[in-house]
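J.: Build me a model from this:
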Amino acid sequence: MTKIDLCIIGMPRSGTSFLCNILTNMGCDFFGNNKTLNDIYPLQLNPEGYFQRRDVHFICNNLKLFSTSYTKLNEKEINALGIEAQSAPCIVKTGEQDQVLHNSTCITVNNGHPILAKVIATGCALGALITALSSKTDCPMTASVAGLLWFGIAGEIVAEKSSGPGSFSPMFIDELYGIELGVLRDKAKLS
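T.: Below you'll find the predicted structure:
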């Protein structure tokens, strides 16, 4: 079997640990036979150092790979880090009500469903969606609000049809793929 070097990097809360976990379950080995406690690098948002290597984190920080124009965090993470709305270019705060804070503007998105919090990796997937949308606009607020609406409205539609988290996940992926722009416009709840 041919071995290849693989490094997964991404902005905080973007789903990198989730991806590494999937790859590990498929046989990928990120630490080799030399894994020690000194290799694992815990941070405040990743206290167990889950799939985080000290050497890779050091290189990325020195290359400024994590300087982002916006960050997706939940309310607990924002409070733990003591982040003020003015201290970051754009913050996406998820919870019962989602908020996008950019400069002195705050947009609240009131779409979504409580089942989204019960399905694993929805926060990571939302971060990935917003990141993908950010490639289509220069405005991080536009990408963030669009991602929250797309995600939240798809969640509302699927929650009406599914019988629980197990049936929700595949139906949710299909809804994200097939949702029409008109549906997003009609169901958007912004303030």
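
J.: burial of Lys118, as a residue count?
T.: When counting by other CB atoms under 10 Å, one arrives at 11 neighbours for Lys118. All C-beta atoms are positioned from the backbone trio N, CA, C, and that covers glycine.

J.: May I see the buried residues of whichever strand or helix holds Asp174?
T.: Taking DSSP states H and E as the criterion, Asp174 maps to helix 165-178. Neighbour-count burial for helix 165-178 flags 168-169, 171-172, 175-176 (criterion: 16 or more other CB atoms under 10 Å).

J.: same question, stretch 114-124
T.: For stretch 114-124, a neighbour-count test (16+ other CB under 10 Å) marks 115-116, 119, 121-124 as buried.

J.: Extract the C-alpha trace of it and format it as PDB.
T.: Taking C-alpha atoms only, stretch 114-124 is exported to PDB below (Å, rounded to 0.1, in the frame of the first residue of the first chain):
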ATOM      1  CA  PRO A 114     -34.700  22.500  17.100                       C
ATOM      2  CA  ILE A 115     -34.000  19.100  15.500                       C
ATOM      3  CA  LEU A 116     -30.900  20.700  13.800                       C
ATOM      4  CA  ALA A 117     -29.200  20.800  17.300                       C
ATOM      5  CA  LYS A 118     -29.900  17.000  17.700                       C
ATOM      6  CA  VAL A 119     -28.300  16.000  14.400                       C
ATOM      7  CA  ILE A 120     -24.500  15.500  14.500                       C
ATOM      8  CA  ALA A 121     -22.300  17.800  12.400                       C
ATOM      9  CA  THR A 122     -25.000  20.300  11.400                       C
ATOM     10  CA  GLY A 123     -22.900  23.200  12.800                       C
ATOM     11  CA  CYS A 124     -19.900  22.000  10.800                       C
END
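
J.: how about the lengthiest helix in the chain: buried residues?
T.: When every helix of the chain is counted residue by residue (DSSP state H), the longest turns out to be helix 140-161. Buried residues in helix 140-161, counting neighbours by 16+ other CB under 10 Å, are found at 140-159.

J.: As CSV, could you dump the C-alpha coordinates of the helix holding Asp174?
T.: Extracted C-alpha coordinates of helix 165-178, given in CSV (Å, rounded to 0.1, in the frame of the first residue of the first chain):
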residue,chain,number,x,y,z
PRO,A,165,-32.9,12.6,13.6
GLY,A,166,-32.2,9.4,11.7
SER,A,167,-34.7,10.1,8.9
PHE,A,168,-34.0,13.8,9.1
SER,A,169,-30.3,13.6,7.9
PRO,A,170,-30.7,12.2,4.4
MET,A,171,-33.9,14.2,3.7
PHE,A,172,-32.1,17.3,4.8
ILE,A,173,-29.2,16.8,2.4
ASP,A,174,-31.8,16.3,-0.4
GLU,A,175,-33.6,19.4,0.6
LEU,A,176,-30.4,21.5,0.7
TYR,A,177,-29.7,20.2,-2.8
GLY,A,178,-33.1,20.8,-4.3
